[in-house]
Every structure is written in C-alpha cells, then in structure tokens.
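In: Provided below are the primary sequence and the corresponding predicted coordinates.
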Amino acid sequence: MLDLYKLQIFLAVVQEGSFSAAGERLYITQSAVSQHIKDLEASLGRPLFQRGWRGVTLTQEGEILHRYARQIFALVAEAENALTDIEQVSGGRVSIGATPGAAIYLAPDWVQRFRARYPQITVALQTGLTAQIVAEVLARRLDVGFIEGELESFRQPRLESLALQEVEQVVIVGFKHPWWERSSAGIHELHRQSFIVRPPNSQSRIWLDETLRVYGVEPVIGAEFDNLESIKRAVIAGMCLAVLPPYVVRDEVNQGLLHVVTLDGQPLRRTLRLIWDRDIHFAPITRAFIESLSGDYPTINTLKTIRDLPDSQDGSHVPGR
C-alpha cells in the first residue's frame with residue numbers, strides 16, 4: 001500500500017524540481033528525501049525520477065504516479081473540508097501575507113471579523129513586497145497572499161491569482177500644497193510636480209513610474225520612503241504630493257490633514273489580488289478565511305469551489321497553468 005507521507009515527499013520533489021529543495025520545504029534533510037524516494041521506487045518496482053546535475057525529472061511511471069498522487073490528495077482535502085466544522089475545532093492557524101497597503105489598512109479588519117466568528121483560530125499576518133509574498137506563498141510558508149497591483153513579472157506555472165477589486169489610486173496633498181483647494185486635476189498636470197514615492201524596488205513604484213511615463217509625465221522625486229505612514233506624514237508637513245489607495249489615507253482625509261485631488265478619467269488604477277499555489281489543497285481553516293472575505297469581494301463567489309481555488313472561473317488567474 002502506498003505510504004501517504006512518502007507520496008507527499010514525492011509531490012514536493014516534483015514541485016520543487018530537486019531533492020534538496022524539497023527537503024528545505026519539508027524541513028528534512030536531502031538524504032532523508034532521497035531515502036524515502038528510493039523506498040517508494042522499491043515498493044513499486046519502478047524508477048520514478050531521472051536524476052541529473054540540474055535536478056530531477058519524472059519518468060513515464062513517475063508521470064503516472066504524479067497524476068494519481070494529485071487526485072489522492074485532492075480527495076483527502078475534499079474529505080477533510082466536507083467533514084470539518086471549524087466552529088467546533090479547538091484551535092488552528094492560517095498564515096496570510098500582504099503587501100503594505102493591504103496588510104496595514106485592510107487586513108486588520110479582515111482578521112477581526114474572522115476571529116469574531118472563530119476566536120479559537122490564530123491568524124498570522126506577514127507584510128512584504130510583492131516578490132517576497134509570491135516567494136513565501138510558493139514556498140508554502142504562507143497559505144495565501146494579497147497583492148496590490150501587477151503580477152506579470154512573477155508569472156510561474158504554480159502561481160494562481162484572483163482579481164478581488166479594482167482600486168483607484170488618488171493624489172493626496174497637504175495644506176501647504178498649491179492644490180489644497182482643488183478637487184480635480186488632469187494627469188498631465190502632474191508633470192514636474194514633486195512626489196514622495198516608494199523605493200525603486202517596490203512594485204508600486206515600478207507601476208507608478210511606468211504609468212506616468214505612458215502619459216509623458218516626469219515627476220520630481222522629493223523623497224523615497226519604504227513606509228506608508230512616513231509618506232503620509234511627509235505629505236502633511238510639506239509641499240510634495242503622493243499617489244496612494246484611498247483606504248490608506250481615509251483617516252487623515254476625514255481629519256482634514258490630507259486632501260484628495262481626483263484625477264480626471266481615473267487613469268491610475270491597480271488591482272487587489274488574492275494569490276495562492278495552484279498545487280495545494282486548502283485546509284478548512286484557510287478555506288473559511290477566504291470565504292469570510294466574499295462579502296467585501298464578490299469575485300470570490302465566482303470560484304467553482306472554495307475547496308480548490310485553482311478551479312476559478314473568472315479568467316483572472318495568472319497564465320501558465
């Protein structure tokens with residue numbers, strides 16, 4: 001009979017492409033991975049991998065086992081989700097990651113609502129740049145991630161995404177700025193304005209530079225901050241402007257500390273996305289957390305099943321499946 005633990009190690013090797021990478025993900029040694037695979041091959045009487053200096057590839061028999069292994073673990077996950085009542089479980093944990101805007105200004109409300117229903121469940125939140133969140137999701141250190149913006153530079157066969165919401169990016173100014181009394185502006189008026197921006201390696205900065213370039217806008221970079229609170233404080237105190245999502249500046253706008261200048265035609269828009277590893281099958285707690293967001297983000301309801309998100313039907317997944 002097939003050993004499910006060895007089968008899990010087999011899948012990790014397939015997904016990672018090497019025994020060493022699989023061992024790192026599973027927190028076991030490379031030699032232990034190698035031994036488990038040898039035991040599995042011996043029990044079946046067939047080689048499952050072709051070993052090479054660049055890693056391993058599946059044999060024909062390995063391809064067959066891979067198909068069955070995916071089905072087996074899909075059924076295990078389906079059974080677990082069908083039978084588990086997380087309102088009755090004694091504890092558990094879901095790990096989520098998000099880019100700074102979502103992590104600081106959206107995720108706390110998500111977590112509070114989720115834990116109001118499931119107080120015995122721990123939600124672990126990690127904040128990082130897009131590249132970091134993608135890497136942690138694919139390394140299985142995060143169950144899901146939330147990305148504000150673009151994923152074209154991070155396309156990988158295992159990475160899936162669902163567009164949750166289109167978010168207009170707004171121009172904010174402080175009371176010292178000449179635009180303090182203005183309600184709107186054309187995007188070309190941003191030319192040679194002084195900006196406070198994120199660092200060059202952040203996806204939001206890359207997006208802003210590329211978008212402004214399309215409109216022929218050349219900003220004057222007054223400062224680069226890696227912290228959104230620092231950006232807001234600098235705008236409040238000075239004469240630079242910044243481009244941020246509305247949820248980041250809502251409190252300061254309500255307090256009269258910042259003013260929103262709407263850009264004609266709303267040319268600056270980004271997408272809030274849910275991302276996950278297409279090769280995983282979500283545990284009931286992860287599924288419940290995603291489900292809890294469906295009221296705010298109805299596109300979650302377009303998924304064929306919350307159990308296995310890669311079956312999304314809205315066409316918003318990252319190509320390369």
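Out: All right, it came through fine. Numbers count the residues shown, from 1 in each chain.

In: Which residues lie in contact with the residue lying closest to residue 203 once chain neighbours are set aside in this structure?
Out: Of all residues not flanking residue 203 in the chain, residue 130 sits nearest, at 4.1 Å (C-beta to C-beta, 6 or more residues apart in numbering). Using the backbone N, CA and C atoms, a C-beta is placed for each residue, glycine as well. By C-beta atoms under 8 Å, 6 or more residues apart in numbering, the contact list for residue 130 reads 99, 147, 149-151, 154, 202-203.

In: mind redoing it with 10 Å?
Out: Listed by C-beta atoms under 10 Å, 6 or more residues apart in numbering, the contact set of residue 130 reads 99, 145, 147-151, 153-154, 201-204, 206-207, 273, 275.

In: Residue 78 and residue 87: what is the separation?
Out: When distance is defined by C-beta to C-beta, to the nearest Å, residue 78 is 20 Å away from residue 87.

In: out of the two, which sits in the busier spot?
Out: residue 78 (14 against 10; other C-beta atoms under 10 Å).

In: If I look at the more buried one, what pLDDT would I see?
Out: Predicted confidence (pLDDT) for residue 78: 79.

In: counting contacts, what elements does the helix or strand where it lies pack onto?
Out: Remark: residue 78 resides in helix 60-83, with elements defined by DSSP states H and E. Applying 3 or more C-beta pairs under 10 Å, 6 or more residues apart in numbering; DSSP states H and E, one finds that helix 60-83 contacts helix 4-16, helix 30-44, strand 49-52, strand 55-58, helix 284-292.

In: if you set the cut-off to 6 Å instead, what comes out?
Out: Applying 3 or more C-beta pairs under 6 Å, 6 or more residues apart in numbering; DSSP states H and E, one finds that helix 60-83 makes contact with helix 4-16.

In: May I have the helix it packs on as CSV, with CA atoms only?
Out: Extracted in CSV, the C-alpha atoms of helix 4-16 (Å, rounded to 0.1, in the frame of the first residue of the first chain):
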residue,chain,number,x,y,z
LEU,A,4,0.9,8.9,2.1
TYR,A,5,3.9,10.5,3.8
LYS,A,6,6.2,9.2,1.1
LEU,A,7,3.7,10.3,-1.5
GLN,A,8,3.7,13.8,0.0
ILE,A,9,7.5,13.9,-0.3
PHE,A,10,7.3,12.6,-3.9
LEU,A,11,5.0,15.5,-4.7
ALA,A,12,7.3,18.0,-3.1
VAL,A,13,10.2,16.7,-5.2
VAL,A,14,8.1,17.1,-8.3
GLN,A,15,7.0,20.6,-7.4
GLU,A,16,10.5,21.8,-6.4
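
In: buried sites along it?
Out: Within helix 4-16, the residues that qualify as buried are 6-16, counting by 16 or more other C-beta atoms under 10 Å.

In: and it, what other elements does it pack with?
Out: So helix 4-16, by 3+ C-beta pairs under 6 Å, 6+ apart, packs with helix 19-26, helix 30-44, helix 60-83.

In: and the shortest one, what does it pack onto?
Out: This points to helix 19-26. Taking 3+ C-beta pairs under 6 Å, 6+ apart as the contact cut, helix 19-26 packs with helix 4-16, helix 30-44.

In: most neighbours per residue, which of the helices and strands packed on helix 4-16?
Out: Using mean count of other C-beta atoms under 10 Å, the stretch among the helices and strands packed on helix 4-16 with the largest mean neighbour count is helix 19-26, at a mean of 20.

In: Can you verify my assumption that residue 163 contacts residue 271?
Out: Yes - Residue 163 is within contact range of residue 271, at 5.1 Å (criterion: C-beta atoms under 6 Å).

In: so where do the strands sit in the stretch 101-250 of the chain?
Out: 121-127, 144-148, 159-168, 170-173, 184-185, 194-197, 220-224, 242-244 (DSSP state E, counting those that start in this stretch).

In: so how far is the first one from its chain's centroid?
Out: Read that as strand 121-127. Distance, stretch centre to chain centre, for strand 121-127: 13 Å (C-alpha atoms, centre = their mean, to the nearest Å).
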